[in-house]
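K.L.:
would you be able to build a 3D model of this:
(one chain, ligands or ions: 2)
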Amino acid sequence: MRENDFDNLLKLLSMPAPVPADAWRGLLAETDSGQRAQLAHLAQEVAQKHFGKGVYVRALIEISSYCRNNCNYCGLRCGNVLAQRYRLSKEEILECCRMAAALGFNTFVLQGGEDPQMSDEWLADVVAAIRAEFPTKAITLSVGERSMASYSLLRSAGADRYLLRHETANEMHYSQLHPHSMDVYNRRRCLVDLKALGFQVGSGMMVGSPGQTVEHLVEDLIFLDRLQPQMIGIGPFVPAAGTPFADERPGSVDSTLLLISLLRLRFPHALIPATTALATLCDDGTERAVLAGANVVMPNFTPMLYRGKYSIYDNKKCSGSESAQGLKILSDRLDKIGYHIDFSRGDYYKG
Ligand code: 5AD
Ligand code: SF4
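P.N.:
Ligands and ions are numbered 1, 2, ... in the order given. I've put the predicted structure just below:
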């Protein structure tokens, strides 16, 4: 793309008006490698302006590998006979939180499939117990689509944040990725409900999921521009054994990094994680994501006994930072690129 055109598109990213589809399309599909490097550089500057050289850490606890849904891409889908299932008890979850707290973590993320046994009452009780023991820490939930009443109960119990990726904003594409029982409208309803309840909300999409086109990504970016989430998680699609997409090609690392940079430039204050999916596809995925504008890492605190069973996709990497030693490795890796761990809660803050 010509330098002049590129500069004009860049300006649009920091304007209050919605970024038009043409502009997103140009930035996604017509930039050369030099311009992409420029985007990463600018994204890094924006991240540093708001977060310094700190990277927030969140303790990820994978609470259940049961799921009633049958998403075509996910290793936890109910139809996957290869999937190993487990569910953590309330006491096991609290124990994970204690370990994370002892290492200095100030955010717990409870993530799981849509486990039919995970009733509103049970989950609210777990959240309330964490809240009682750790009054000042942030509690993030990521347990899929639930009713407004359920979200409301969880919010009252003390949950602060909720992650629910929209996966793809295009209705047709959504139906390629999901079973008939799921639709793009309920997903959007959930996100709207969560926002209305005062959750800090995270959304996002997979990059390079089967059937995805540049146009779909343009729609995703426009969707995010409208939703204005506080957190945006994106990662490349990674094939999972035992799923209909087991033999599909993984998403592109470079496209994921480009999207991270574009998201950082468009959402300067957003909390953007360096995802496990990216780290799974390339060894220095975490570092590259941070250098492209990401500012969150989510070390895994799932008990070792269950760790391998939360297999959303194949060869899932696991930043084993649940020990002081593991955390040191992460800290050394960030240090090498001039960054450091920031242990504070890392709430969304728009000055
Ligand atoms: N590859 C990459 N990401 C996946 N997810 C689920 N399955 C896959 C896969 N095969 C992502 C989805 C979901 C999040 C928890 O994990 O985006 O929202
Ligand atoms: Fe279940 Fe989430 Fe996997 Fe879909 S993506 S099968 S809802 S765990």
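K.L.:
find the nearest non-adjacent residue to Leu258, please.
P.N.:
Arg36 (5.6 Å; CB to CB, 6 or more residues apart in numbering). Quick note: C-beta positions are derived from backbone N, CA and C, even for glycine.
K.L.:
how many neighbours does Leu39 have?
P.N.:
For Leu39, the number of neighbouring residues by other CB atoms under 10 Å comes to 25.
K.L.:
show me what from this protein comes close to ligand 1.
P.N.:
Taking CB under 6 Å from any ligand atom as the criterion, the chain approaches ligand 1 at residues Tyr73, Cys74, Arg165, Glu167, Met206, Gly235, Phe237, Val238, Ala240, Ala277, Ile312, Tyr313.
K.L.:
among these, which ones are in helices?
P.N.:
Residues of those located in helices (DSSP state H): Ala277.
K.L.:
highest neighbour count among the residues of the chain next to ligand 1?
P.N.:
Highest neighbour count within the residues of the chain next to ligand 1, by other CB under 10 Å: Gly235, with 29 neighbours.
K.L.:
report the two of the residues of the chain next to ligand 1 separated the most.
P.N.:
The largest separation in the residues of the chain next to ligand 1, counting by CB to CB, is between Arg165 and Ala240 at 15.8 Å.
K.L.:
if we can go back for a sec, give the contact list for the residue nearest to Leu258.
P.N.:
By CB atoms under 8 Å, 6 or more residues apart in numbering, Arg36 lies in contact with Asp254, Leu258, Ser261.
K.L.:
try Cys71
P.N.:
Counting by CB under 8 Å, 6+ apart, Cys71 has contacts Arg77, Leu177, His178, Pro179, Met182.
K.L.:
JSON lines for these, including secondary structure?
P.N.:
Formatted as JSON lines, the contacts of Cys71 follow (DSSP: H, G, I helix; E, B strand; the rest coil):
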{"residue": "Arg77", "secondary structure": "coil"}
{"residue": "Leu177", "secondary structure": "helix"}
{"residue": "His178", "secondary structure": "coil"}
{"residue": "Pro179", "secondary structure": "coil"}
{"residue": "Met182", "secondary structure": "coil"}
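K.L.:
what subset of the residues you listed is buried?
P.N.:
Using 16 or more other CB atoms under 10 Å as the burial test, the contacts of Cys71 include Arg77, Leu177, His178, Met182 as buried.
K.L.:
pull the CA atoms of whichever strand or helix holds Gly34 into PDB?
P.N.:
Using DSSP states H and E, Gly34 sits in helix 33-51. The C-alpha trace of helix 33-51 is given here as PDB (Å, rounded to 0.1, in the frame of the first residue of the first chain):
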ATOM      1  CA  SER A  33       5.900  -6.400   5.800                       C
ATOM      2  CA  GLY A  34       7.500  -3.000   6.500                       C
ATOM      3  CA  GLN A  35       4.100  -1.500   7.200                       C
ATOM      4  CA  ARG A  36       3.200  -4.400   9.500                       C
ATOM      5  CA  ALA A  37       6.400  -3.900  11.400                       C
ATOM      6  CA  GLN A  38       5.500  -0.200  11.700                       C
ATOM      7  CA  LEU A  39       2.100  -1.100  13.100                       C
ATOM      8  CA  ALA A  40       3.700  -3.400  15.700                       C
ATOM      9  CA  HIS A  41       6.100  -0.600  16.600                       C
ATOM     10  CA  LEU A  42       3.300   1.900  17.000                       C
ATOM     11  CA  ALA A  43       1.200  -0.600  19.000                       C
ATOM     12  CA  GLN A  44       4.100  -1.200  21.400                       C
ATOM     13  CA  GLU A  45       4.400   2.500  21.900                       C
ATOM     14  CA  VAL A  46       0.700   2.900  22.700                       C
ATOM     15  CA  ALA A  47       0.800  -0.100  25.100                       C
ATOM     16  CA  GLN A  48       3.900   1.400  26.800                       C
ATOM     17  CA  LYS A  49       2.200   4.800  27.100                       C
ATOM     18  CA  HIS A  50      -0.700   3.300  29.100                       C
ATOM     19  CA  PHE A  51       0.900   0.300  30.800                       C
END
